[in-house]
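>>> Compute the structure for the input listed below.
(one chain, ligands or ions: 1)
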Amino acid sequence: MSGKMASCIFCKIIKGEIPCFKLFESDKTLAFLDINPLSKGHALVIPKHHGEKLTDIPDDQLAEVLPTVKKLAAATGANEWNLLQNNGKGAHQEVGHVHFHMIPKPNAEEGLGISWPQQKTDMDALKKLFEDVKGKM
Ligand code: AMP
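Numbering: from 1, shown residues only. As a prediction, the model looks like this:
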């Protein structure tokens, strides 16, 4: 086991070394309540496979993630909600084990607040970017 895995708080939750309010578990997936929620019902879905960013997780380890998010949304009774997954410290990731937040948005004050700094469109630059990215897909 790598040092990162040994010290990973979510790996410890998976192994039962630290407690959580477990909502769903299967071979590949675990869901539990977030300990410092942004709103009532805020929960996390994680692949058991340890990896820091989504790009570090094999596709087959992710198969149950979105179905579990759907179950959480239904079970919490959330009518409006956000699905959030942060990759990297600069993108607000604090725990270095991939996790998906299901965050109910009951009103303007609670839940996820979003800043959406839209940029003006430069069509030539957008087309160049499109060709560059599409060529690498
Ligand atoms: P992120 O900023 O995307 O890395 O979010 C990490 C989330 O994990 C935060 O919302 C924390 O409240 C949550 N969290 C950290 N430790 C625990 C824990 N032991 N049990 C449940 N949730 C946790």
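
>>> Next, count neighbours for Thr29.
Residues near Thr29, counting by other Cβ atoms under 10 Å, number 20. (Each C-beta comes from the backbone N, C-alpha and C, glycine too.)

>>> list the helices and strands the lowest-mean-pLDDT helix or strand in the chain packs on?
Counting by mean pLDDT, DSSP states H and E, the weakest-scoring helix or strand in the chain turns out to be helix 3-6, with a mean of 79. Contact analysis of helix 3-6 by 3 or more Cβ pairs under 8 Å, 6 or more residues apart in numbering; DSSP states H and E lists no helix or strand as a packing neighbour.

>>> Pull out the buried positions in the helix or strand following it.
Counting by DSSP states H and E, the next helix or strand C-terminal to helix 3-6 is helix 9-14. Neighbour counts over helix 9-14 (16 or more other Cβ atoms under 10 Å) mark Phe10, Cys11, Lys12, Ile13, Ile14 as buried.

>>> One more: stretch 20-34?
Cys20, Leu23, Phe24, Lys28, Thr29, Leu30, Ala31, Phe32, Leu33, Asp34.

>>> Near the ligand, list only the ones from those.
Among those, the residues lying close to the ligand (Cβ under 6 Å from any ligand atom) are Cys20, Asp34.

>>> Need the buried residues of stretch 20-34 in TSV (columns: secondary structure and pLDDT).
TSV is the format used below for the buried residues of stretch 20-34 (DSSP: H, G, I helix; E, B strand; the rest coil; pLDDT from 0 to 100):
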residue	secondary structure	pLDDT
Cys20	coil	98
Leu23	strand	98
Phe24	strand	98
Lys28	coil	98
Thr29	strand	98
Leu30	strand	98
Ala31	strand	98
Phe32	strand	99
Leu33	strand	98
Asp34	coil	98
